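K.L.:
return atomic coordinates for the entry below.
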Amino acid sequence: MHERIGMKFVRTVTYFLLICFLNQVHYGLTTEGTKWVLSDVDTLKEASSKSDPFAQAVLALAYVHGDKGLNISLENAQKLARISADSGHWLGLFTLGYLHRFEPLGPNSEIVRNYYLQSFHDPDGQMIKLAARKDPIASYVLGEIFTSDEVRPDVVPDLQLAARHYEIASQGGYHPASVQFALFKLHAIVEPGMGIEKDLGQGIRLLEDAAKQKLPSGHHYLGRSYFKGIGVESDLEMALVHFRAAADRGYGLSQLTVADFYAYGVTGPPKVDLALRYARLALTYNEESALEKITEYQNILSGDANASMAFSPPEIPVPESTMLPPDPPSLSAKTDPDPEDFEVTRLPSPYTPKTPSPSTPPFSNPTNSSVPVPLASSSPGNEVSTQDRMELHSDPTPPSALGDQKSSAEICESAKNLYWGRGVQVDYVTAHKLFLKSASEGNAESSRYLGLMFLRGKGVEKNLQTSVEWFEQAAKGGDSLAQKNLVTLQAMLGR
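P.N.:
Below you'll find the predicted structure:
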C-alpha cells in the first residue's frame, strides 16, 4: 500500500518537473520580439512608458503600420523611434531610417542608409542573433533591409533572403510582414528556381488575415486585388470597401484612391464632397498629390473638370525602382511587374467603359447631377482605338456646319459637352474637330483641351510633344490652368 502511494507520488512529482522543464524550454525559445507581437497595445504602451527601448520601437512601428488597432500616426512613430534610437537600440535606429523613406521626413536616402546600417551592424549583434532564433520583428527588419537599395554596397539587396525573412516573421504572427510576403506570392517577384513560387491563393489568404487584424495595408492590397482581379474576381464595390477601410485608418494611398472613386462615380453616382474629404485627409502624408486632387475636384464642382491632369493620380501603386514601392508609410519591397503598373495613369479600365454602343452614352451624368464625369485612359486590353471612336461617334453633320454660326467660345462649349458627355453621348472625335476650329480662332481654352486630348489619347493618338505645344499655345493665350499644367509637362520632358 505504502509502495503504491510512494510510486504515485514519484510519478506526480516527475510529471510536474517535466511540465516545468517544458515550460522553461518554451519560454526560453520565446524571443522578445515574439512577446511584443503577442502583446496587446496597452501592455506595449505600458512597457514603452517605462523606457523599454524595444517596446518603444515596436510601438513606433505599430503607429507606422496602423498595427494593433492603432491609427497611422507618423508623428507618434517618430517621437517613440527617436527615444529608442537615442538609447542605441537597433530597432529604434531602423525605425528612424524607415520613417525617412517617406513624407514628411523623407525621402532621404542618405539618412535611411545611415540608420539602416547602424541597425544592421549593431555592435552587440542583437538583431542578427534574434533573427537566428526566428524572432518575427528582427526577421521583418532584415526583410526590409534586404529589399533596400539604400544600403548598397555595404549590404547587397537579396529578394530571396528578404522573402525568407518575411515568411518567418509572418509565421511568427507579425502582420506587416504578412502583407510583404503576400506581395511576393501574388506577383512572383523572385526568379524561378529560387524556391519562392507564385501562389495567388496563399497571397490572398495572407492579406485577408492581415485585414481581419484591421491592418490598413492588408485592406489596401486586398482592395487592389479586387480592383485588378488578382487572385479574386474583379469587384469594384469590394475594392472600395477595402480601400475605404484602409483610408479611414490613415493610409495615404487609399485615401487618394477612395477620393477618385467618389469623384468619378466608379461604383455609383459621383460624390465630389466625399472626394474632397478624403483628399484633404491625405494632405498629412501625401501633400503634393492631395493638393492636386483638391484643385481637380474643386474644378469639377465649378464645372471645369478638365483640370484633372492624367499625370497626378493616386496609382495603386506605382513602382519606383527595382524594389517594392513604399507602402505609405509602410511597404518597401518590389511589386507587380504588370506593365500597366509602370505607367503613371489614372485608375485603369474600370473608369472607362468597354467599346460603347451608339445608343448608350458611356458614363452619362445622372439627371439629378450637374457634375461631369470624366473618362480615364484604358488599361491594356480594353482600349478603344481612334478608328473605333471614329466609327462609333461619326457625325454626318460636318464640324464646319456645326460651328459656322457660332463664336469660338460657343464652339468650345459644344466641344466640351461632347468631351464630357454633358447631355449628349461622349464623342471625342467630333469634340477634337470642334476644339481645333475654336483654337484656330484664338480660343485658349480649346487649345488647353487639345493639349489634354493628346496627353491622354482621347480621340487622337497620344503624343506628349504635341500636347506640350497645345498647352504652350493656350498659356500664351492667357489660360492660367494651361500655364500650371505646362510646368508639370515640361518637367516630365526634362526641360
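
K.L.:
the strands in the chain, which residues?
P.N.:
Applying DSSP state E to the chain gives no strands.

K.L.:
what's the weakest-modelled helix or strand in it?
P.N.:
Here the helix or strand of the chain ranked lowest by mean pLDDT, DSSP states H and E is helix 386-393, holding a mean of 28.

K.L.:
ok, Leu215 - contacts?
P.N.:
By C-beta atoms under 8 Å, 6 or more residues apart in numbering, the residues touching Leu215 are 65-67, 175-176, 179. For glycine as for every other residue, the C-beta is placed from the backbone atoms N, C-alpha and C.

K.L.:
nope, Ser84 is what I meant
P.N.:
Going by C-beta under 8 Å, 6+ apart, Ser84 touches 53-54, 56-57, 60, 91-93, 95.

K.L.:
repeat that with 10 Å
P.N.:
Applying C-beta atoms under 10 Å, 6 or more residues apart in numbering to Ser84 gives the contacts 48, 51-60, 90-96.

K.L.:
quick check on those: which are buried?
P.N.:
With neighbours counted using 16 or more other C-beta atoms under 10 Å, the contacts of Ser84 contain these buried positions: 48, 52-60, 90-96.

K.L.:
what's the neighbour count on the closest residue to Arg280 other than its chain neighbours?
P.N.:
Closest residue to Arg280 apart from its sequence neighbours, by C-beta to C-beta, 6 or more residues apart in numbering: Ile294 at 6.6 Å. Each residue near Ile294 was counted by other C-beta atoms under 10 Å, and the total is 17.

K.L.:
can you pull the contacts of Ile294?
P.N.:
By C-beta under 10 Å, 6+ apart, the contact set of Ile294 is 259, 275-276, 279-280, 282-283.

K.L.:
state the distance from it to Tyr278.
P.N.:
Per C-beta to C-beta, to the nearest Å, Ile294 is found 10 Å from Tyr278.

K.L.:
okay, and the common contacts of these two?
P.N.:
Common contacts of Ile294 and Tyr278 (C-beta under 10 Å, 6+ apart): Ala259.

K.L.:
so Arg448 makes contact with Ala475?
P.N.:
Yes. Under the criterion of C-beta atoms under 10 Å, Arg448 makes contact with Ala475 at 8.3 Å.

K.L.:
which one's more surrounded, these two?
P.N.:
Comparing Arg448 with Ala475 by other C-beta under 10 Å, the one with more neighbours is Arg448, at 29 against 21.

K.L.:
for that one, what are its contacts?
P.N.:
For Arg448, the contacting residues are 304, 306-307, 412, 435, 439, 470-471, 473-475, 477, 479-483, 485-486, by C-beta under 10 Å, 6+ apart.

K.L.:
same thing with Arg249?
P.N.:
Taking C-beta under 10 Å, 6+ apart, we find Arg249 in contact with 65-66, 69-72, 214-217, 219-220, 255.

K.L.:
Ile230 touches His187, doesn't it?
P.N.:
Yes. Counting by C-beta under 10 Å, Ile230 does reach His187; the two are 8.1 Å apart.
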